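Peer 1: Need a 3D model of the following:
(chains A and B)
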Amino acid sequence: ILNVEQSPQSLHVQEGDSTNFTCSFPSSNFYALHWYRWETAKSPEALFVMTLNGDEKKKGRISATLNTKEGYSYLYIKGSQPEDSATYLCAFNRWGYGQNFVFGPGTRLSVLP
Amino acid sequence: ETGVTQSPTHLIKTRGQQVTLRCSSQSGHNTVSWYQQALGQGPQFIFQYYREEENGRGNFPPRFSGLQFPNYSSELNVNALELDDSALYLCASSLFGQAPNTGELFFGEGSRLTVL
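Peer 2: Numbering: from 1, shown residues only, chains lettered A, B, ... in the order given. You can find the predicted model right below:
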């Protein structure tokens, strides 16, 4: 059974704090790693699609890095804002499995004003 | 462009009944995937449809079945419902086999099924 882990499970930060969380995945047969943001009562939305070892992606205050050899990705949020409050999911895709993504359980972030 | 829509948003069934959930893909997408999210877990892959055929299946029993229609919309059918089937069911559409083939999933808001 393929396992994708995320840590921490949840965290609370103050507005303006910077934070980061981790996604761990199997290092063999890597094809892609996605990050999604899921706000309450909405649908998950893609933040980043990462495919190459060493990839670094950035969107505004949010960035992500990828290490496929050791099987982890970090998501960073600089200067957290209340609107960043959401569950952040990572999803792993292997070679030969089409678009069958294995999701982690998510990190629930609450940003307090 | 229209996003992914799912119906119904909420429904309650009893054990042994059957349920059909529906999904309309985002315009221009040719692939639909279904995921089950139980409480406290990440979404679990049920199956994917491409060109109206099943194109990959997760660890779900045969009583979970699906269809994809020529307009790329899709249905998820679950027979002989069990209590453990209570979950949020997410549909995601994507573009497969054509550039840009990033594999990015575009999700609907889900159908929440409660089995009593």
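
Peer 1: Contact residues of chain B facing chain A?
Peer 2: By the criterion of CB under 8 Å from any CB of the partner chain, the positions of chain B lying close to chain A are B:3-4, B:31, B:33, B:35, B:40-45, B:48, B:50, B:55-56, B:58, B:90, B:94, B:96, B:102-110. Quick note: C-beta positions are derived from backbone N, CA and C, even for glycine.

Peer 1: if you set the cut-off to 10 Å instead, what comes out?
Peer 2: B:3-6, B:31, B:33, B:35, B:37, B:40-48, B:50, B:55-59, B:90-92, B:94-96, B:100-110 (CB under 10 Å from any CB of the partner chain).

Peer 1: wait, what's in contact with the residue nearest to the spatial centre of chain B?
Peer 2: Chain B has B:Trp34 as the residue nearest its centroid, 2.8 Å off, counting by CA atoms, centre = their mean. Contact analysis of B:Trp34 by CB atoms under 10 Å, 6 or more residues apart in numbering or on different chains lists B:6, B:21, B:23, B:43-49, B:58, B:60, B:64, B:66, B:74-76, B:89-92.

Peer 1: Secondary structure class of the residue of chain B found nearest chain A, three-state.
Peer 2: Proximity of chain B to chain A (CB to the nearest CB) peaks at B:Gly42, 3.5 Å away. Assigned state for B:Gly42: coil (three-state reduction, DSSP: H, G, I helix; E, B strand; the rest coil).

Peer 1: Next SSE downstream of the helix or strand of chain B with the lowest mean pLDDT?
Peer 2: Least confident helix or strand of chain B, by mean pLDDT, DSSP states H and E, is strand B:53-57 with a mean of 91. Next along the chain after strand B:53-57, taking DSSP states H and E as the criterion, comes strand B:64-68.

Peer 1: start to end distance for stretch A:11-30?
Peer 2: Start and end residues of stretch A:11-30 are separated by 28 Å (CA to CA, to the nearest Å).
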